[in-house]
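Novice: I need the structure of the sequence given here:
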Amino acid sequence: MKSEKSYQKITNFLKKKKYKELSLNSIIDIKYIRDEKLKKFLFTFRDNKKNKTFALRPDLSLMSLIEFSKRNINKKSRIFYSGEVFRKNQKINSQVGFEIYNSNNISDEEEIISNSAKIFEKEITKNGNISISNLKLFEAVIKQLKLPERWKSRIIYLRNNKKYLNEALKLLETNKDLDEKNIELDKKLYEKMKKLDPNEKVADRKVKDILQRFEQKIYIQPRPTNGKKIVKIIKNFLKIECPINKAPQVLNKFFKKNKLNIQVSKDFFPLRKNKMGSLNVIFKSYELSEVEIYDGLIFSIRSKKNKQSIVGGRFDSLSQSLGLKKINAIGAAFNFNT
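Specialist: Predicted coordinates for the structure are as follows:
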């Protein structure tokens with residue numbers, strides 16, 4: 001999407017769909033930037049009077065959520081936004097996005113995907129695929145595996161970083177501990193803290209509570225013993241790709257084969273037909289997003305040449321992770337060259 005004409009068509013389409021425009025600030029307090037991928041692209045500057053560091057906005061979805069939270073609106077709200085984003089070593093792009101805030105049902109997910117598909121067909125191409133995934137499925141699989149909790153937490157944390165996830169899985173195959181150097185450091189710290197008063201507070205936590213957590217982390221949780229088998233299950237899950245109407249059947253067959261107590265219902269996904277307009281709809285168990293904000297549904301719409309895309313998903317936990325009130329949200333965003 002390159003032209004001003006396309007931009008106007010998209011914003012007019014969203015207005016007709018009852019989305020209201022939200023004006024966004026150009027700078028952001030870096031305390032809100034939790035995404036490690038985004039941090040390396042920031043243009044930052046220091047405000048010595050306020051004793052704060054700010055950055056030019058690297059993403060509009062984040063800016064939109066922060067701005068919406070200031071308005072203290074509790075009802076379902078449809079908004080859209082547009083403007084330039086600024087990232088080091090990347091072309092400056094204009095970004096257009098739209099969200100449903102205070103969203104609590106699957107019909108909102110279907111609406112966002114449907115509107116994205118209509119924009120894609122009108123402004124990019126009628127030849128493409130809608131890929132549907134859900135991070136809750138990945139989490140459910142990992143939580144069912146016979147692994148120490150520290151391993152489960154790390155794998156779930158790395159789910160959106162393919163390079164580091166693969167490195168962790170290679171380590172797991174060898175049945176090594178997650179980070180043996182850190183475990184040894186934890187043991188030393190544990191022995192030191194045992195000498196303190198159990199009711200003394202360290203960083204607002206009682207020593208006895210910290211010791212209990214150390215004991216669980218160091219001594220109670222065993223090392224993995226079946227790493228190769230577990231890694232094979234994870235890798236096979238991440239390879240699953242099929243038409244969306246077959247996804248529940250394919251997934252449930254996989255879960256049963258690997259003795260995982262997970263069941264996917266027919267209405268789990270917001271789309272259940274293999275076509276939306278002229279676009280194919282497929283399930284992919286592993287769908288990466290450019291920005292690490294999503295915690296449930298993730299979808300992308302890409303042309304067959306894979307050059308342009310619309311990406312979206314659900315991000316119910318993002319607001320609280322930023323220190324804001326809880327706002328359940330689903331949205332989509334896309335770039336066009338300026």
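Novice: Next, Asn252: secondary structure please.
Specialist: helix (DSSP: H, G, I helix; E, B strand; the rest coil).
Novice: so Ser94 sits right up against Glu84, yeah?
Specialist: Yes. Between Ser94 and Glu84 there is a contact under Cβ atoms under 8 Å: 5.4 Å. Backbone N, C-alpha and C define where each C-beta goes, glycine included.
Novice: More neighbours: those two, which one.
Specialist: Comparing Ser94 with Glu84 by neighbour count (other Cβ atoms under 10 Å), the higher total belongs to Ser94, at 18 against 13.
Novice: what's the spacing between the more buried one and Tyr7?
Specialist: 7 Å (Cβ to Cβ, to the nearest Å).
Novice: hey, what's the nearest residue to Ile298 once chain neighbours are set aside bridged with?
Specialist: Spatially, and ignoring its direct neighbours in sequence, Ile298 is nearest to Gly313 (4.0 Å; Cβ to Cβ, 6 or more residues apart in numbering). Bridge pairing for Gly313 (DSSP bridges) gives the partners Ile298, Gly331.
Novice: who touches Gly313 in this structure?
Specialist: Going by Cβ atoms under 8 Å, 6 or more residues apart in numbering, Gly313 touches 289, 293-294, 296-299, 330-332.
Novice: Now the spatially most central residue of the chain: closest residue in space that isn't a chain neighbour?
Specialist: For the chain, the residue nearest the mean C-alpha position is Tyr294 (2.5 Å; Cα atoms, centre = their mean). Distances taken as Cβ to Cβ, 6+ apart place Gly313 nearest to Tyr294, at 3.6 Å, with adjacent residues excluded.
Novice: What confidence value was assigned to that neighbour?
Specialist: Confidence at Gly313, expressed as pLDDT, is 94.
Novice: go on, Leu62?
Specialist: pLDDT for Leu62: 89.
Novice: Could I get the buried residue list for the helix or strand containing it?
Specialist: Assigned by DSSP states H and E, Leu62 falls within helix 60-70. By neighbour count with 16 or more other Cβ atoms under 10 Å, helix 60-70 contains the buried residues 60-69.
Novice: For stretch 322-332, which residues meet the burial criterion?
Specialist: 322, 327-332.
Novice: can you tell me the distance between the two ends of stretch 235-255?
Specialist: Stretch 235-255 stretches 13 Å from its first residue to its last (Cα to Cα, to the nearest Å).
Novice: One more: stretch 259-279?
Specialist: 35 Å.
Novice: tell me which residues in it are buried?
Specialist: Those would be 260, 264, 268-271, 276, 279, for stretch 259-279 by 16+ other Cβ under 10 Å.
Novice: So what touches it?
Specialist: 106-107, 109-110, 113-114, 117-118, 120-121, 126-130, 132, 134, 137, 140-141, 144-145, 243-245, 247-248, 251-252, 254-255, 280-283, 297, 301.
Novice: Separate out the buried members of the residues you listed.
Specialist: Buried members of those, scored by 16+ other Cβ under 10 Å, are 106, 109-110, 113-114, 117, 120-121, 128-130, 132, 134, 137, 140-141, 144-145, 244-245, 247-248, 251, 254-255, 281-283, 297, 301.
Novice: Quick check: the residue lying farthest from the centre of the chain vs Leu211, distance?
Specialist: What lies farthest from the middle of the chain is Lys195; by Cα atoms, centre = their mean that is 41.6 Å. Per Cβ to Cβ, Lys195 is found 11 Å from Leu211.
Novice: With Asn74 instead?
Specialist: Taken as Cβ to Cβ, the span from Asn74 to Leu211 is 42 Å.
Novice: who has more neighbours, the two?
Specialist: Just comparing Asn74 and Leu211: by other Cβ under 10 Å the higher neighbour count belongs to Leu211, 15 against 9.
Novice: Can you verify the more buried one is assigned to a strand?
Specialist: No. Going by three-state DSSP, the assignment for Leu211 is helix, not a strand.
Novice: and it, what does it touch?
Specialist: Shown in contact with Leu211 (Cβ under 8 Å, 6+ apart): 190, 193-194, 198.
Novice: ok, so of those, who is nearest Lys31?
Specialist: Met193 (29.5 Å; Cβ to Cβ).
Novice: you'd agree the closest one is up against Ile210?
Specialist: Yes. Counting by Cβ under 8 Å, Met193 does reach Ile210; the two are 6.3 Å apart.
Novice: Looking at those two, which is more packed in?
Specialist: Set Met193 next to Ile210 and count neighbours by other Cβ under 10 Å: Ile210 wins out with 19 against 16.
Novice: separation between that one and Tyr157?
Specialist: Counting by Cβ to Cβ - Ile210 and Tyr157 are separated by 21 Å.
Novice: Lys136 too?
Specialist: Distance from Lys136 to Tyr157, by Cβ to Cβ: 15 Å.
Novice: circling back to that earlier point, from memory the residue nearest to the centre of the chain sits against Ser317, does it?
Specialist: No. With contact defined as Cβ under 8 Å, Tyr294 does not count as touching Ser317 (9.6 Å).
Novice: mind listing the helices for the stretch 51-200 of the chain?
Specialist: 60-70, 106-123, 135-144, 149-157, 162-173, 180-193 (DSSP state H, counting those that start in this stretch).
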